[in-house]
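Q: sequence below, structure please.
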Amino acid sequence: MKHRRIPRRRTALAGAGIAALVAAGVTFQSANASEPARTPEARVLSAPAAGKLASNLLKNLGTDTAGAYYDAGARNLVVNVLDRAAADRVEQAGARARIVEHTLAELDGARTTLAERATIPGTSWAVDPVGDKVVVTADRTVSEAAWAKLAKVVEGLGTKAELKRSKGQFKPFVAGGDAITGSGGRCSLGFNVVKDGQPYFLTAGHCTAAISTWSDSSGTVIGNNERSSFPGDDFGLVKYTGSVDHPSAVDLYDGSTQAITRAGEATVGERVTRSGSTTHVHTGTVTGLNATVNYSEGTVSGLIQTDVCAEPGDSGGSLFDGDTALGLTSGGSGDCTSGGETFFQPVTEALSATGAQIG
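A: Below is the predicted model:
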């Protein structure tokens, strides 16, 4: 079977049905937390390996931990703990331990309070394990009255939360890879997947919520929606038309592709790459996990937050680390000239919800 490459074309988004606002910006400050202590036992790890170790440690330690992140410079996993006994267990496993003030349950409780009392369009919040707090951001569209309400809620959370103002306006990037188009807009293909032996691809849910039939940039129909989830989540599953080979690979826009062999969980501090049909390939760092974004159309939760730039038309595109698929581009701020922040739907959640797998 012959592999079809989707032709690339940078066209402006026309008539996109999404006007949601999101906010970004986790700062890695160390208030209310001690500095990580270097230990001889700390293992040198790749980001994916650190993510696996973090998952096991957080599961085994339970309430004795308060999150984890990847120190890309030292190539170590850092795990937040509450006492010396838990720190000893972390260090024995080959990670660095840091004793912090707030438990993960306390930070999750702060997020719950924000969801109940401060769900305002143009705002976002995410747990920052480096700062041991929840960072709340309001974009420039948030009114003075709404800001005052938000500030009061954040003040009530004490040292568990920090409030920031973004100078930009945040929105989904409607306008992994190659361009896909439909009536009313252009998005980007995320990852090719397989379900029940048949070829599909994943893209952003706010794309499939507005468009049901997809074409490549030459106008040839390539697929029809099978499932769309937005808001709440931000993923869509599209079934390919015809019987052609669709290997799991991401366009690197230099004449080559990156093979994708698996899906994984992102880790704070991990260096990642994004590919999209407007701005092509850019790199950056994961700055937060389980981010909540308040779009005007509704709230999306559980997102990956990064400092990778993106622009309209990159929605649905691929976030990855080497051969590991991590996320689908959802939204953010700025552009690839001045920089910005971005949010991504985790791929593992999309695969689990749709029953698909990396093929």
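
Q: the nearest residue to Ala204 once chain neighbours are set aside: what secondary structure?
A: Nearest residue to Ala204, sequence neighbours excluded (CB to CB, 6 or more residues apart in numbering): Gly316, at 3.8 Å. For every residue, glycine as well, the C-beta is placed using N, CA and C. Counting by DSSP: H, G, I helix; E, B strand; the rest coil, the backbone at Gly316 sits in coil.

Q: next SSE downstream of the longest strand along the chain?
A: In terms of residue count, the longest strand belonging to the chain (DSSP state E) is strand 280-295. Once the chain leaves strand 280-295, the next helix or strand it forms, by DSSP states H and E, is strand 298-306.

Q: list the buried residues for that next one?
A: Residues of strand 298-306 classed as buried by neighbour count (16 or more other CB atoms under 10 Å): 299-301, 303-306.

Q: cool, and stretch 68-83?
A: In stretch 68-83, counting by 16+ other CB under 10 Å, buried: 68-71, 76-82.

Q: start and end of it, how far apart?
A: The first residue of stretch 68-83 is 15 Å away from its last residue (CA to CA, to the nearest Å).

Q: check the offset of it from the chain's centre.
A: 20 Å (CA atoms, centre = their mean, to the nearest Å).

Q: tell me which of the buried residues of stretch 68-83 fall in strands.
A: Using DSSP E, these in strands are 68-71, 76-81.

Q: now those in CSV, with distance to Thr220 and pLDDT?
A: As requested, those are exported to CSV (distance: CB to CB, whole Å; pLDDT from 0 to 100):
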residue, distance to Thr220, pLDDT
Ala68, 45, 93
Tyr69, 44, 95
Tyr70, 41, 95
Asp71, 46, 93
Asn76, 48, 94
Leu77, 46, 96
Val78, 48, 96
Val79, 49, 95
Asn80, 50, 95
Val81, 55, 94
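
Q: can you add distance to Gly219 and give the residues you listed back as TSV?
A: Output for these, formatted as TSV (distance: CB to CB, whole Å):
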residue	distance to Gly219
Ala68	47
Tyr69	45
Tyr70	43
Asp71	48
Asn76	50
Leu77	48
Val78	50
Val79	51
Asn80	52
Val81	56
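
Q: ok, Ala105 - how many residues close by?
A: 11 (other CB atoms under 10 Å).

Q: so the helix or strand encompassing it versus strand 298-306, what angle?
A: Assigning secondary structure by DSSP H and E places Ala105 in helix 104-117. Orientation check (axes from the mean of the first three to the mean of the last three CA atoms, to 10 degrees): helix 104-117 against strand 298-306 gives 140 degrees.

Q: which parts of the stretch 51-200 of the chain are strands?
A: 65-71, 76-81, 96-99, 123-128, 133-138, 161-165, 171-172, 179-182, 185-188, 191-195, 198-203 (DSSP state E, counting those that start in this stretch).

Q: how about Ser183, what does it touch?
A: 211, 213 (CB atoms under 8 Å, 6 or more residues apart in numbering).

Q: against Leu163, how distant is it?
A: From Ser183 over to Leu163 the distance is 41 Å, taken as CB to CB, to the nearest Å.

Q: just Leu157 next, same as before
A: Taking CB to CB, one finds Leu157 at 9 Å from Leu163.

Q: export the strands of the stretch 51-200 of the chain as CSV, with columns for distance to Asp233.
A: Listed next are these as CSV, based on distance: least, CB to CB, whole Å:
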stretch, distance to Asp233
strand 65-71, 22
strand 76-81, 27
strand 96-99, 32
strand 123-128, 16
strand 133-138, 21
strand 161-165, 24
strand 171-172, 13
strand 179-182, 19
strand 185-188, 16
strand 191-195, 16
strand 198-203, 11
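
Q: quickly, which of these bottoms out on average pLDDT?
A: Of all these, mean pLDDT reaches its minimum on strand 171-172 (a mean of 70).

Q: give the closest residue to Gly327 in space, chain neighbours not counted.
A: For Gly327, the spatially nearest residue (CB to CB, 6+ apart) is Phe344, at 3.0 Å.

Q: packing partners for the helix or strand where that neighbour lies?
A: Per DSSP H and E, Phe344 falls inside strand 342-346. Packing partners of strand 342-346 (3 or more CB pairs under 8 Å, 6 or more residues apart in numbering; DSSP states H and E): strand 280-295, strand 298-306, strand 324-332.

Q: contacts for it, please.
A: 22, 24, 124, 173, 204-205, 233-235, 265-266, 274, 284, 291, 293, 300, 302-310, 319, 326-332.

Q: where does pLDDT dip in the stretch 101-250 of the chain?
A: Residue ranges of the stretch 101-250 of the chain with pLDDT under 70: 170, 172-178, 184, 243-244.

Q: rerun at 80
A: 167-178, 183-184, 217-218, 242-246 (pLDDT under 80).

Q: Gly94 contacts Ala42, doesn't it?
A: Yes - between Gly94 and Ala42 there is a contact under CB atoms under 8 Å: 6.5 Å.

Q: so what sits against both of those two?
A: Leu77.

Q: out of those two, which sits in the busier spot?
A: Ala42 (22 against 18).

Q: ok, the more buried one to Ala49 distance?
A: With the distance defined as CB to CB, Ala42 ends up 13 Å from Ala49.

Q: just name the most buried of the strands of the stretch 51-200 of the chain.
A: strand 185-188 (a mean of 30; mean count of other CB atoms under 10 Å).

Q: restricting to C-alpha, output it in PDB.
A: Extracted C-alpha coordinates of strand 185-188, given in PDB (Å, rounded to 0.1, in the frame of the first residue of the first chain):
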ATOM      1  CA  GLY A 185     -11.200  26.300   8.700                       C
ATOM      2  CA  ARG A 186      -7.800  24.600   8.700                       C
ATOM      3  CA  CYS A 187      -6.200  22.600  11.500                       C
ATOM      4  CA  SER A 188      -3.300  20.200  11.700                       C
END
